[in-house]
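Q: give the three-dimensional model of this entry:
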Amino acid sequence: MDFRDDAELDSSQVEDARGGGGGFPGGGGMMIGGGVTGILVLIVGLVFGLDLTGGGGGGGSPKPVGTGANLAAKCKTGSDADQSDDCRIVGTVNSIQKYWTKQFADSGQRYTPAKTRLFSQATQTACGYATSEVGPFYCPGDKRVYLDLTFFDELKTKFGAEGGPFAQAYVVGHEYGHHVQDLLGVMGKAQGSAKGATSGSVRLELQADCYAGTWANGAVATGFLTQLTETDIRQALSAAEAVGDDRIQQRAQGRVNPDGFTHGTSEQRRRWFTTGYQSGDPRRCDTFSGGI
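A: Residues are numbered from 1 along each chain as shown. This is a model prediction of the structure:
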């Protein structure tokens, strides 16, 4: 994955809250498991979903943080994006949002951009408090993608993925897939069906994988990336497979329990990303009709 050297990055789309604190307040707890109950305050993520209806803190907007002055000074061109993870995230977010802006416009709709917030260890969101342990996630309450860059190391060491720049891009593309679902009003389809092999939660996550694939198909056309290679796609597929429910359960529990699925199997996640990538058509990402 290489960026065009002359691509101009817009760092205003990424907030840098690393080193800004934000641990858990006293009292309260956080339920982990990908459920959707009551009012939708779901955090939807690559690995785990969080229902923070019982969590400490909770509603309202996240606390103000630095808007990324360091990123503005550091991440100016595509050449910068090829040199560091944080600038690569800026470039990837720029490409993804340009892609979805066009897709929405082509269908007569308006795309509303979402910021990505880089954080370390723990952060406050409009959905409640979360730690790095949950992995990357999207919070519908404040329309933000949250990402601790240390996850990319864990993707290799903990989950067994190949890793690499386009594995990172897949992760970001998946989370922005959730933002697209939010804008289209799809999130509610997961309500009342939080777990299980054919649950609304699984269908939601597989659609986000497919949306990440459609962006990958159109990424070069956004003007930020050079031509993708077989290595790039292999990295994305390896990451998708690594965070399949069956593989995570087998590693953690020594067995697979489909009734506990929230994100889909490794095969499903690979297949739906591939569907998006090969078709380049978001309309092919309907995981809510028929089998998955």
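Q: which residues sit against stretch 241-258?
A: Here stretch 241-258 makes contact (Cβ atoms under 8 Å, 6 or more residues apart in numbering) with 46-47, 135, 155, 159-161, 196-197, 202, 260-270. Glycine gets a C-beta too; all of them are placed from N, C-alpha and C.
Q: among these, which ones are buried?
A: Burial by neighbour count, 16 or more other Cβ atoms under 10 Å: within the contacts of stretch 241-258 this picks out 46-47, 135, 155, 159, 161, 197, 202, 261-266, 268-270.
Q: among the residues you listed, which are in strands?
A: Among the buried ones among the contacts of stretch 241-258, no member falls in strands (criterion: DSSP state E).
Q: of these, which belong to helices?
A: Using DSSP state H, the subset of those located in helices is 155, 202, 266, 268-270.
Q: could you work out the most separated pair of those?
A: Greatest spatial distance among these (Cβ to Cβ): 155 and 202, at 20.4 Å.
Q: ok, residue 113 - contacts?
A: Here residue 113 is in contact with 13, 97, 101 (Cβ under 8 Å, 6+ apart).
Q: then residue 159?
A: Under the criterion of Cβ under 8 Å, 6+ apart, the neighbours of residue 159 are 47, 242-243, 247-248.
Q: from the residues you listed, pick the one nearest residue 150.
A: Lowest distance from residue 150 to these (Cβ to Cβ) belongs to residue 47, with 13.5 Å.
Q: quick one: the strands in the stretch 1-150 of the chain, in order.
A: 14-16, 31-32, 42-45, 49-51, 115-118, 122-125, 128-131, 137-139, 144-147 (DSSP state E, counting those that start in this stretch).
Q: nearest to residue 78, out of these?
A: For the strands of the stretch 1-150 of the chain, the distance to residue 78 is smallest for strand 14-16, at 15.1 Å, taking Cβ to Cβ.
Q: tell me what the closest one is packed against?
A: Counting contacts by 3 or more Cβ pairs under 8 Å, 6 or more residues apart in numbering; DSSP states H and E, strand 14-16 is packed against helix 69-74, helix 85-106, strand 115-118.
Q: what's the neighbour count on residue 109?
A: 11 (other Cβ atoms under 10 Å).
Q: of all residues in this structure, which one is nearest the centre?
A: Central residue of the chain (Cα atoms, centre = their mean): residue 175, 2.0 Å from the mean position.
Q: secondary structure class of it, three-state.
A: Per DSSP: H, G, I helix; E, B strand; the rest coil, the local secondary structure of residue 175 is helix.
Q: point out where the stretch 1-150 of the chain drops to low pLDDT.
A: Low-confidence segments of the stretch 1-150 of the chain (pLDDT under 70): 20-45, 47-69.
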